[in-house]
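Asks: No letters, just coordinates:
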Ligand code: PRX
């Protein structure tokens with residue numbers, strides 16, 4: 001992270017939108033954008049209310065745009081009724097029923113095309129399968145699936161009947177899955193026998209079985225899609241095959257109108273405690289935010305083939321795979337596997353073969369593919385690409401330039417989009433037809449989003465390049481509504497710091513002399529590993545659950561590919577290993593964390609010490625640990641350390 005800040009601090013290149021791009025863009029003129037922003041500033045609710053009327057098909061029109069009576073529990077379009085699945089599928093049938101909605105590519109090269117009509121059939125049938133399984137509006141359904149069309153079908157089917165989905169990333173362990181099922185009190189799990197990733201069939205149903213064996217009394221049924229022929233054991237009375245169940249239900253399912261505030265989904269994300277929080281999103285406001293950002297930021301046109309590489313297990317895979325593209329009637333690519341199978345050209349091969357014109361991925365993926373050199377992308381015809389995007393973490397200018405020249409051939413604007421699970425959709429991002437780009441900056445706030453940078457007291461910082469807290473000063477339609485089952489935590493985490501006045505994003509940022517935002521990193525104990533959010537406390541809790549670990553402290557360390565790597569300091573019960581090294585135990589602890597949380601949480605490095613560096617009041621000196629992990633000189637005052645001698649141990653010098 002600090003390397004990124006250093007390199008972005010000296011960045012002053014400016015890339016204006018190519019004239020051909022602006023000429024055809026949704027917003028191709030800076031004046032038009034400025035007017036839109038000014039209109040939103042002057043009449044926040046009129047602005048969003050007008051868009052909601054125009055962009056969403058309502059079963060019952062709303063009369064209230066924004067209800068602030070229980071702030072910060074804001075409500076949007078409160079008395080309106082809609083169905084999200086209707087908006088994503090049915091309303092396109094007359095005009096584009098035969099248009100491909102999903103171009104699916106399996107990791108092994110198998111392909112399927114689903115038109116909007118096909119999607120309508122599949123979603124309706126699966127919605128009936130859910131109903132036949134006892135699911136009614138408001139019930140929670142956990143989806144633990146590989147990246148195949150059925151993941152999106154299951155999500156849309158929930159939306160069709162008002163069930164609330166909670167997708168759990170397939171890379172999370174049985175233990176994490178169990179915690180999320182229990183917190184949500186889910187009735188049903190949708191899974192697959194496995195998914196193809198990295199040349200292997202990764203078992204998913206086995207993890208579900210393990211999770212359910214350890215608890216989850218609320219689960220009544222498990223629906224299993226057969227993807228890999230792994231032939232998992234099926235538990236009598238609980239488990240059913242997707243295809244068998246669907247064969248017994250009617251093909252038609254009318255969408256059910258729900259209130260605009262009806263929860264569409266929960267998505268668990270990491271915070272500064274050990275327990276992930278269930279971020280709760282709405283139906284109407286969320287959908288509107290997804291639609292508007294598809295237009296403003298992705299400049300979506302009818303001729304586009306859109307590909308967002310994110311897994312449905314993350315918010316990006318919700319807003320820009322499962323909902324946004326479909327709500328706009330787009331054709332999109334879904335790819336099951338990893339970017340390096342059969343080789344590091346897979347993304348570019350997919351772009352060529354499926355005719356992708358808008359490509360959206362994470363900086364980690366760009367950095368990883370950049371390592372393989374320019375010859376690999378040069379083998380493919382990337383001429384259909386017209387817009388590129390990044391999400392999830394800061395992009396260093398070097399990776400930005402590679403993406404711009406080698407992939408975009410200097411023709412394609414790059415939209416660096418800053419947002420969060422909580423925000424529902426893009427917040428700070430360029431409108432590519434009219435905003436000149438600076439590598440490493442997510443540029444400015446979108447219309448109707450009132451972002452600012454403030455100091456400790458909440459006073460706006462106006463000095464260019466001075467860092468502060470990134471806040472959002474007015475509610476917006478796509479915002480989270482609460483944390484599932486924990487309204488207090490919602491208020492405390494996001495609104496407490498500035499007395500319910502501003503939404504606290506949890507990031508620090510600076511604004512340069514041109515008003516461009518540069519994200520500087522998290523201000524809480526949240527790590528960003530390969531664009532994935534992980535709490536240091538989660539990893540610490542996992543470590544101390546191991547019988548040999550007495551205490552653990554986890555910090556991030558700059559990593560050239562992953563952005564941040566995980567570095568753990570561990571105090572064992574009993575003796576510290578001789579010389580501070582124990583290769584066997586380190587391997588065991590890494591595996592242990594992987595089982596507790598998932599492979600993404602595996603520490604890269606573990607160092608053993610007799611105790612952790614604490615102040616006399618008992619606080620772990622995390623900043624010191626971060627410096628040690630990064631191999632930096634210690635500039636912190638260590639005189640308050642209870643045990644100064646452990647510094648050498650932490651550095652691995654003993
Ligand atoms: O720190 C910011 C970083 O990712 C965090 C949100 O993570 P998550 O909720 O998992 O959502 C990721 C996908 C939207 C933010 O608080 N982040 C996200 N986008 C960017 C970013 N950091 C810098 N630049 C970005 N474009």
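Replies: Arrived safely, thanks for sending. In this text, all values refer to a predicted model and were calculated from it rather than measured experimentally. Residues are numbered from 1 along each chain as shown.
Asks: Would you mind listing what in this protein touches the ligand?
Replies: Residues of the chain lying close to the ligand (CB under 6 Å from any ligand atom) are 269, 315-316, 391-394, 416-421, 442, 505-507, 519, 522, 528, 533. (Glycine included, C-beta is placed from N, CA and C.)
Asks: Narrow these to those that are buried.
Replies: The neighbour-count test (16 or more other CB atoms under 10 Å) marks 269, 315-316, 391-394, 416-421, 442, 505-507, 519, 522, 528, 533 as buried among those.
Asks: Which ones among those map onto helices?
Replies: Mapping those onto helices (DSSP state H) picks out 315-316.
Asks: Give me the buried positions along stretch 328-341.
Replies: For stretch 328-341, a neighbour-count test (16+ other CB under 10 Å) marks 328-337, 339-341 as buried.
Asks: how far out from the middle of the chain is it?
Replies: What separates the centre of stretch 328-341 from the centre of its chain is 16 Å, taken as CA atoms, centre = their mean, to the nearest Å.
Asks: end to end, how far does it reach?
Replies: Distance between the two ends of stretch 328-341: 31 Å, counting by CA to CA, to the nearest Å.
Asks: Rounded mean pLDDT for that stretch, please.
Replies: For stretch 328-341, mean pLDDT rounds to 97.
Asks: give me every residue that touches residue 108.
Replies: 196, 337 (CB atoms under 8 Å, 6 or more residues apart in numbering).
Asks: so which residue of the stretch 351-500 of the chain comes closest to the ligand?
Replies: residue 421 (3.4 Å; CB to the nearest ligand atom).
Asks: returning to that earlier point: which members of the residues of the chain next to the ligand are positioned in strands?
Replies: Under the assignment DSSP state E, the residues of the chain next to the ligand contribute 269, 391, 416-417, 505-507, 519, 522, 528, 533 to strands.
Asks: could you say what helices and strands the helix or strand hosting residue 159 packs with?
Replies: Assessed by DSSP states H and E, residue 159 sits inside helix 149-161. Helix 149-161 makes packing contacts with helix 84-88, strand 100-105, helix 116-132, strand 140-144, strand 164-167 when contacts are defined by 3 or more CB pairs under 8 Å, 6 or more residues apart in numbering; DSSP states H and E.
Asks: Output those as CSV; include the columns mean pLDDT, mean neighbour count and distance to residue 585.
Replies: Shown next, in CSV, are these (pLDDT from 0 to 100; neighbours: other CB atoms under 10 Å; distance: least, CB to CB, whole Å):
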stretch, mean pLDDT, mean neighbour count, distance to residue 585
helix 84-88, 98, 27, 49
strand 100-105, 98, 22, 42
helix 116-132, 98, 22, 46
strand 140-144, 98, 26, 31
strand 164-167, 98, 26, 35
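Asks: export the ones you listed to CSV and tack on distance to residue 350?
Replies: What follows is the helices and strands packed on helix 149-161, written out as CSV (distance: least, CB to CB, whole Å):
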stretch, distance to residue 350
helix 84-88, 23
strand 100-105, 6
helix 116-132, 20
strand 140-144, 24
strand 164-167, 23
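Asks: who's in contact with the residue of the stretch 151-300 of the chain found nearest the ligand?
Replies: Per CB to the nearest ligand atom, residue 269 is where the stretch 151-300 of the chain lies closest to the ligand, at 5.2 Å. Residues counted as contacts of residue 269 (CB under 8 Å, 6+ apart) are 276-277, 279, 315, 421-422, 533.
Asks: Format those residues as TSV; extra columns: pLDDT.
Replies: Formatted as TSV, the contacts of residue 269 follow (pLDDT from 0 to 100):
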residue	pLDDT
276	90
277	95
279	98
315	98
421	97
422	98
533	92
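Asks: Quick check: next helix or strand after the helix or strand of the chain with the lowest mean pLDDT?
Replies: Here the helix or strand of the chain ranked lowest by mean pLDDT, DSSP states H and E is helix 2-9, holding a mean of 57. Counting by DSSP H and E, the element after helix 2-9 in chain order, helix or strand, is helix 19-24.
Asks: Could you tell me the average pLDDT over that next one, please?
Replies: 96.
Asks: ok now that helix, how far from the chain's centre?
Replies: That offset, for helix 19-24, works out to 30 Å (CA atoms, centre = their mean).
Asks: List of residues touching it?
Replies: 28-29, 301, 386-387, 411-413, 432-434.
Asks: Repeat the analysis, applying 7 Å as the threshold.
Replies: 28, 386, 413, 432-434 (CB atoms under 7 Å, 6 or more residues apart in numbering).
Asks: in that helix, what counts as buried?
Replies: Going by 16+ other CB under 10 Å, helix 19-24 has these buried residues: 21-22.
Asks: got it, and stretch 592-612?
Replies: In stretch 592-612, counting by 16+ other CB under 10 Å, buried: 592-598, 600-603, 606-609, 611-612.
Asks: Looking at those residues, which are in strands?
Replies: When DSSP E defines the strands, the subset of those inside them is 606-608.
Asks: List the contacts of residue 386.
Replies: If you count contacts by CB under 7 Å, 6+ apart, then residue 386 has 21, 357-358, 412 around it.
Asks: With that, I have no additional questions.
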